[in-house]
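[1] 3D, please:
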Amino acid sequence: MLAAKILKKGVLTLFLGAIAIVFLFPIVITFTNSLMTEQEISINYGSIGQMNQAARFVNLKLLPDQVTLEQYRKVLVDSPRYLAMFWNSVFMVVPIIAGHTLVASLAAYAFSKLKFRGRESLFLVYVLTMLMPFQVTLVPNYIMADRLGLLNSPIAILLPGIFAAFGVFMLRQFMLEIPYDYIEAGKMDGAGHLRIFFEIMLPMVKPGLAALVLLLFVDYWNMVEQPIVFLDDPFKQPLSVYLSRINAEPGVAFAASVIYMAPMVLLFLYAEAYFIEGIQLSGIKG
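    As a prediction, the model looks like this:
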């Protein structure tokens, strides 16, 4: 019996390890190839313009013969547009995350802890808007932005992102698991709803907030459709659009992709512990 359990665990470990390798392989290839010299990359890949015709002859190489940071120098020093669009992404994503988190947490508190007429019906409307495909709401958002004179302005992207319904739904699920006794204790101490919200509720849903921030960052850092539709000026578009249209030597593309992925990887590594804590929080019963 013990040998069977060990064998089963070993097989499962190997299976999960194989899946992890499959998913991590493109990331590893991108990173290691970004450290190759231009000559080595040219030998292995040729040019991006030729890769469609000769893709099956591409020689995927894992380790470089000579490690160099030349491709990063080209991206960060010789390509000022890359850094400009990087900051475009930052100035779009950070306000969306901050605004969405604040609005969603306040709305989630109201939907989970306040009793008012029509609460469940209004929340159902929130859920229905969240279930709609992005393409369904894109046209109404474009019409509204056009009539408000917001086209070719980042505000046309910020407002729909800040007031999206996903964060409300997610944080409400966390707050529903918090016993109402904490609210009653705050009221007995003379605290109003704002004080209860900021001093009691927010600290208790910190894992949910961290998870929401991570999901929002990944979603809006990788957005392509919204900038293409709402921003006509290419110099106002974020880095995700630049990478989707990159037309340079493969070495520069590899280095640009690594820098693009770095914020998401670092944020995920930082927030990983909060996901575990969030699972524990979801077990609290009110």
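[2] so which bits of stretch 133-141 are buried?
    N141 (16 or more other CB atoms under 10 Å). (C-beta placed from N, C-alpha, C; glycine too.)
[3] ok, stretch 235-246 next?
    Applying 16+ other CB under 10 Å to stretch 235-246 flags 236-243 as buried.
[4] run the chain-centre distance for stretch 185-202.
    Offset of stretch 185-202 from its chain centre (CA atoms, centre = their mean, to the nearest Å): 31 Å.
[5] tell me the mean pLDDT over it?
    The average pLDDT for stretch 185-202 rounds to 87.
[6] ok, and what's touching that stretch?
    105-106, 109, 113-114, 175, 178, 182-183, 209 (CB atoms under 8 Å, 6 or more residues apart in numbering).
[7] kindly recompute the last result at 7 Å.
    Under the contact criterion CB atoms under 7 Å, 6 or more residues apart in numbering, stretch 185-202 has outside partners 105, 109, 175, 178, 182-183.
[8] distance to G99 for those residues - can I get that in CSV?
    Below are the contacts of stretch 185-202 laid out as CSV (distance: CB to CB, whole Å):
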residue, distance to G99
S105, 11
Y109, 16
M175, 19
I178, 24
Y182, 26
I183, 25
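[9] can you turn the buried part of those residues into a PyMOL selection?
    Buried subset of those, written as a PyMOL selection, criterion 16+ other CB under 10 Å:
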select buried, resi 105+109+175+178+183
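[10] rewinding a little: sort out for me which of the buried residues of stretch 235-246 are in strands.
    If you go by DSSP state E, those have nothing in strands.
[11] which one of those is nearest to I27?
    Nearest to I27 out of the buried residues of stretch 235-246 is L243 (CB to CB; 14.7 Å).
[12] for the closest one, give me the pLDDT.
    At L243, the predicted lDDT confidence score is 80.
[13] cool, and Y270?
    80.
[14] name the element it belongs to?
    Assigned by DSSP states H and E, Y270 falls within helix 250-281.
[15] so which elements touch that helix?
    Where contact means 3 or more CB pairs under 7 Å, 6 or more residues apart in numbering; DSSP states H and E, helix 250-281 is packed against helix 2-33, helix 38-45, helix 70-76, helix 206-221, helix 239-244.
[16] for P263, find the nearest of the ones you listed.
    helix 206-221 (7.0 Å).
[17] now the closest one: how far from the chain's centre is it?
    Between the centre of helix 206-221 and the centre of its chain there are 6 Å (CA atoms, centre = their mean).
[18] for stretch 28-40, same thing?
    Relative to its chain's centre, stretch 28-40 lies at 26 Å (CA atoms, centre = their mean).
[19] mind listing what's buried along it?
    Quick answer for stretch 28-40 (16+ other CB under 10 Å): 30, 32-37, 40.
[20] closest to I97 among those residues?
    Closest approach to I97 among the buried residues of stretch 28-40 (CB to CB): T30, at 25.3 Å.
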